[in-house]
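Colleague: Sequence and predicted structure below; questions after.
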Amino acid sequence: MAAPGKRKRNAQVDTAPLSQSSMPGFSSDYRDASRFSGDDNMFVEGSILRITMTNFLTYDHCEVTPGANLNMIVGANGTGKSSIVCAICLGLAGKVSLLGRGDKVGLYVKRGCSSGSVEIVLSRAPQNLVIRREISVENNQSVWTINKRQVNQRAVEEEVKTLQIQVGNLCQFLPQEKVGEFAKMSKIELLEATEKSVGPPEMYEFHCELKNFRAKERELENVCKEKASFLEKAMQRNERNKQDVERFYERERHLDRIKMLERKRPLVEYEATRKQLEEVKQERADVKRSLTALKEEHLPALRHIQDLNGQLKPIEDKMKDKSVNIKEAARRCKEKQDNLDHKRMEVEDIQQALSLKQTEESDRQKRIGHTRCMITGLQAELENLASREDVQPEISSINSELRSMQEDKARVEGEGLDLQRNKGILQGDQQRVKNKLKSLEDMMNMKEEKLKGRFRDTYNALQWLRQNRTLFKGNVYEPMMLVINVRDHRHAKYIESHIPTNDLRAFVFQKQEDMAKFMTEVRDQQKWRVNAVIAPRESWARHPPARPIEALRGFGFFSYLRELFDAPEEVMSYLCGQYKVHEVPVGTDQTKNMIETVIRETPLKIIYTAAEKYHVKKSSYSGKTISSNSVLRPSQFLTMTVDVDERKHLEEQLKGFEQRVMGIDSQLKALQEQQSQLDRHENELLHKKKVLSELKVKKRQLEQKIRTKQDSLKQMEESGINLQQAEQEALSKTRAVNSQKVALVTEFVHHMQVRTKLHMEKVYLALESVELAAEKARVEAECRESSARLQVLEQACAQLEQRKTSLWETCQGLMKKASKVCNVDLKEEAVPEDLQRAFSQLPNTLDEIDALLNEERSRADCITGLSATVVEEYTRRTQEIEHLKKELEMEKGTLDNYRHSISQEEYDKYGIRIRVKFRSSMQLHELTAHHQSGGERSVATMLYLMALQELNRCPFRVVDEINQGMDPVNERRVFDIVVQTACRGTTSQYFFITPKLLQNLHYAEHMTILCVHNGPRMLPPSKWNEKDFIRRIRRGSSRSADS
């Protein structure tokens, strides 16, 4: 975009066909679109006859009238050569992304204007095609017209396609920003682009159809495989279902037999039950007869038992009375026996008390003797201690020394606690510093993960560098995006916008041989796509800017780029030398608001505002300032900031803390040694004091013990016992107790005699009772035997009665059940003959029927999970299998016929591979974006495009500044080839844009030079006169020759 200016600037593109002489001639009029016709001149249909730009990029108004063959567009940088290329692309419905300048079409309108337009006249019979595009900045929309008729963009694209114009094809339209993209195309993309450029429209379609043929063949193969697989699975499933069908029919046979067995079972059960009922009736009658006879035999024995019971009752009453009297006599005997035992215990207590007194007196005499001996020994020991000197002064001296030592220990302990407390504080501060450093390291790891995700080869090279850093002599720095630390993450977008991504991921080397060694390893051997740069020999890191930032603060600038980030010195030196980060200021919204003033009053080349980047250029011809701007994109790599000063400060703090902790540890160790010495000395003093104290205390203890033992001896001597008196008292008490025992024995003997007499009388009565009881037992045994038989018969009779009733009810129920099953009334009719024949083939007993029934049910239960739908599904799937077989045969036949009709080529892998070499000693190498240099890629690209020129079906071709990276020799050769090829009458229109031309080049007759002039003193197109301009040039040349 043009920089704002108070004076309106005009633009002019001069157009003139060249003669064979070196002096160019210029036409004097402008051709109108209505005059252009493909039949009247050499213009190919679809060639550009005129380009008109209004308020477009650097132009207020400009008309360009190219020639039919080669058009050389020449002009200084910034005059608007590439603006013509942008006009061709956007005017022919090309996408904005093809130009690589901006993402919105409104950005191509001249700055300060609300709208702009591009009009292109194309050669076409019978009437030329005029396409006009009106661009609005406000809504970023376009209005299209074709021959003054408003249409949509789709209609324009169709018209352009009809004329075989392909602005999206790099073989036809190669803008400046896309020159490097040509070498990056794959071989398949290059073939497709070449087909579209040189072939008829149907060639690319035929190629796509051929690729689709292979796809259709694979599709038919997949269909056949799927149907064959489905058929095989269906046949396997049907084979499994076949077994299920057989098992279903087998289960039905078992179920039919079960039904027949269930119908016969009630009938057989009824007959068996009826026979049992008749047998029970007969058995019951026999039991009743036996029961009546047994009752008549049992009656006399019962009467005899009643008589014996009458004789036994009086005897038993007498025996009960005797038992009561015997118990009373036994109680009295027991009472007297207890009294005797009590008296015997009294005598024993008297004897035991006497024995205790004798034992106590003996012990007292022994204690007296022992106490006297102890007193004698203690007195002797006391006499020995009395001869030693007094130890109290020595103990006082030791106590004084101990108090002094306690003070020293307290002092040492206090110092140790102070040091421990200081150490704890330092360790806490040290840990906090470590945590802060760890958080900074985590941010570096996150930056490495982002590098790994976006540039895997660079990450692999980084790992290799860390493992092999010793191989290099000078400093080697990791990729710049890792070592650059933006101080404020909001400023990261300025750094990333200014430094290309290729450099952000580049390694920085201090020495050239180190970089060569590194690139040989990672690029040539490892085949990694890695970038590397060399730092300048003279450091630029601290070069001051041309003017201090204070001089720019009035325009809203707050800093240069260099002050927004930190980096190692070599990296900063490279960025200052290569990208002038110390000369690029960063401004605010204030800068944006007064950008016109900034551009006019400052010599700045690159300017950053809060959200935009401005490029400022000055035309070397007109001296007019030209600017372009672009929107800053959000940062991707440098958003995570690490404060280097803070990190360095933290590392220094950590080192200081470690040194101080080590000093405290050494002081603590010295204090511990001093504490140990004090403890040892204190223990020695305490031991000495203890010995002296024990001597002093022991004397007092001996005197106290002697007094205690003497008092104890006196008490023992006074507490004696009179044993003779105690023995006499015990003898008198024993005699009194023995007299009482004699009276008690007399009474005990009397009661024993009474008890014996009562026992004898009871025995006589018991003998008489036993005789009667034996007789009674004999008779009762006989009666019990007959009663048992009688009871058994009664129980049997009752059971038979119950069984009879039960069997009768069962027979009635079974008869009803059998009648219902056989569908006949068995009381009146017999079983039908067909059932009898069926029943005759089955067992005739219940056990056999039940066994067979269980067997059939088990077999039927083993066949589970089947139903009638299994048979239906088996039948249906059989039909489907037959249908699938027919379909598969038809598909295979179709596939075989299709294979015979096409070849087996892999058309989707077809491509064009360009192989080049620039020295006779080298081998041919494939043209890629990495193997050749930029100039070599430009030469190869241009030669390929020239090779397509005569075959080209496109009406025109555009190449923008492809000769920028060429050396003069190759540039001259390429220019000659372009002139020879593009100026033939059979070729299409060709646009070659260049900012410069070498001297003494060869020009052709059909070649047109388009000189781009741009500046404030340019005449408007309507006032331009080519003849006057040529006349002035010739006049100036003749004056120079005369002089």
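Modeller: Good, I have the coordinates.

Colleague: can we go C-alpha only for contacts and neighbour counts from here?
Modeller: OK.

Colleague: Surely residue 143 is within a strand?
Modeller: Yes. Under DSSP: H, G, I helix; E, B strand; the rest coil, residue 143 falls within a strand.

Colleague: Report the beta-bridge partners for it.
Modeller: Residue 143 has the following beta-bridge partners by DSSP bridges: residue 134.

Colleague: who's in contact with it?
Modeller: Counting by Cα atoms under 8 Å, 6 or more residues apart in numbering, residue 143 touches 133, 134, 135, 150, 151, 152.

Colleague: May I see those residues organised as TSV, with distance to residue 779 and pLDDT added?
Modeller: Shown next, in TSV, are the contacts of residue 143 (distance: Cα to Cα, whole Å; pLDDT from 0 to 100):
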residue	distance to residue 779	pLDDT
133	146	90
134	147	89
135	144	88
150	146	88
151	143	88
152	139	88
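
Colleague: out of the residues you listed, which are buried?
Modeller: Among the contacts of residue 143, the ones that count as buried by 16 or more other Cα atoms under 10 Å are 133, 134, 135.

Colleague: which phi and psi does the most centrally placed residue in the chain have?
Modeller: The residue lying closest to the centre of the chain (Cα atoms, centre = their mean) is residue 449, at 15.8 Å. In terms of degrees, to the nearest 10, the main-chain angles of residue 449 are phi -60, psi -40.

Colleague: what's the answer for residue 540, then?
Modeller: As for residue 540, its main-chain torsions (degrees, to the nearest 10) stand at phi -100, psi 0.

Colleague: One more: residue 557?
Modeller: For residue 557, the backbone dihedrals are phi -80, psi 140 (criterion: degrees, to the nearest 10).

Colleague: go on, residue 580?
Modeller: Backbone dihedrals for residue 580, given as degrees, to the nearest 10, come out at phi 50, psi 40.

Colleague: And it, how far from residue 631?
Modeller: Separation of residue 580 from residue 631 (Cα to Cα, to the nearest Å): 21 Å.

Colleague: Looking at those two, which one has more neighbours?
Modeller: Neighbour totals were compared for residue 580 and residue 631, and residue 580 leads with 20 against 14 (other Cα atoms under 10 Å).

Colleague: For that one, give me its contacts.
Modeller: Residue 580 touches nothing, counting by Cα under 8 Å, 6+ apart.

Colleague: Equivalent analysis for the one 3 residues further on, please.
Modeller: Under the criterion of Cα under 8 Å, 6+ apart, the neighbours of residue 583 are 545, 546, 560, 561.

Colleague: what would those look like in TSV with pLDDT?
Modeller: Output for these, formatted as TSV (pLDDT from 0 to 100):
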residue	pLDDT
545	89
546	85
560	91
561	90
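
Colleague: Next step: those restricted to strands.
Modeller: Cross-referencing the contacts of residue 583 against strands under DSSP state E gives residue 560.

Colleague: Quick check: phi and psi at residue 96.
Modeller: Torsion angles, degrees, to the nearest 10, at residue 96: phi -60, psi -30.

Colleague: burial count for it?
Modeller: Neighbour count for residue 96, taken as other Cα under 10 Å: 17.

Colleague: quick one: it and residue 85 touch, right?
Modeller: No. Counting by Cα atoms under 8 Å, residue 96 does not reach residue 85; the two are 11.9 Å apart.

Colleague: The stretch 501-650 of the chain: helices as residue ranges?
Modeller: With helices called from DSSP state H, counting those that start in this stretch, the stretch 501-650 of the chain shows them at 501-504, 512-519, 569-579, 589-593, 595-601, 644-718.

Colleague: and among those helices, the most buried is which?
Modeller: Most buried of these, by mean neighbour count (mean count of other Cα atoms under 10 Å): helix 569-579, with a mean of 21.

Colleague: which helices and strands does that helix pack with?
Modeller: Packing partners of helix 569-579 (3 or more Cα pairs under 8 Å, 6 or more residues apart in numbering; DSSP states H and E): none among the helices and strands.

Colleague: Could you pull out the strands in the stretch 401-550 of the chain for me?
Modeller: Under the criterion DSSP state E, counting those that start in this stretch, strands of the stretch 401-550 of the chain are mapped to 476-477, 485-486, 507-509, 532-534.

Colleague: what residues does the first one touch?
Modeller: In other words, strand 476-477. Residues contacting strand 476-477 (Cα under 8 Å, 6+ apart): 469, 483, 507, 508, 509, 510, 571.

Colleague: Of the residues you listed, select the buried ones using a PyMOL command.
Modeller: The PyMOL selection below is limited to those of the contacts of strand 476-477 classed as buried (16+ other Cα under 10 Å):
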select buried, resi 483+507+508+509+510+571
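
Colleague: hang on, the earlier thing: now the buried ones among the contacts of residue 143 in JSON lines, with distance to residue 785?
Modeller: Converted to JSON lines, the buried ones among the contacts of residue 143 look like this (distance: Cα to Cα, whole Å):
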{"residue": "133", "distance to residue 785": "138"}
{"residue": "134", "distance to residue 785": "139"}
{"residue": "135", "distance to residue 785": "136"}
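
Colleague: With respect to residue 876, which of these is nearest?
Modeller: Using Cα to Cα, residue 133 is the member of the buried ones among the contacts of residue 143 that lies nearest residue 876, at 67.9 Å.

Colleague: and residue 459, what is it in contact with?
Modeller: By Cα under 8 Å, 6+ apart, residue 459 lies in contact with 448, 451, 452.

Colleague: any chance of the helices of the stretch 501-650 of the chain in JSON lines, with mean pLDDT too?
Modeller: Shown next, in JSON lines, are the helices of the stretch 501-650 of the chain (pLDDT from 0 to 100):
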{"stretch": "helix 501-504", "mean pLDDT": "88"}
{"stretch": "helix 512-519", "mean pLDDT": "91"}
{"stretch": "helix 569-579", "mean pLDDT": "90"}
{"stretch": "helix 589-593", "mean pLDDT": "88"}
{"stretch": "helix 595-601", "mean pLDDT": "86"}
{"stretch": "helix 644-718", "mean pLDDT": "78"}
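
Colleague: okay, those helices in CSV with distance to residue 370 next?
Modeller: Below are these laid out as CSV (distance: least, Cα to Cα, whole Å):
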stretch, distance to residue 370
helix 501-504, 108
helix 512-519, 107
helix 569-579, 104
helix 589-593, 117
helix 595-601, 125
helix 644-718, 10
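
Colleague: so which of those helices comes closest to residue 378?
Modeller: Closest to residue 378 of these is helix 644-718 (Cα to Cα; 6.3 Å).

Colleague: from the chain's centre, how far out does the closest one sit?
Modeller: Taking Cα atoms, centre = their mean, to the nearest Å, one finds helix 644-718 lying 60 Å from the centre of the chain it belongs to.

Colleague: Which parts of this structure belong to which domain?
Modeller: By the assignment in the TED database, the chain contains the domains 47-180+954-1019, 213-262+830-901, 397-434+649-704, 485-607+619-637.

Colleague: looking at the ones you listed, which is buried most?
Modeller: Mean neighbour count (mean count of other Cα under 10 Å) peaks for domain 47-180+954-1019 among the domains of the chain, with a mean of 20.

Colleague: starting at the chain centroid, how far to that domain?
Modeller: Domain 47-180+954-1019 has its C-alpha centroid displaced from the chain centroid by 53 Å (Cα atoms, centre = their mean).

Colleague: just checking, what packs against the helix or strand where residue 240 lies?
Modeller: Using DSSP states H and E, residue 240 sits in helix 201-386. Other helices and strands packing on helix 201-386, by 3+ Cα pairs under 8 Å, 6+ apart, are helix 187-198, helix 644-718, helix 723-822, helix 833-840, helix 846-862, helix 868-901.
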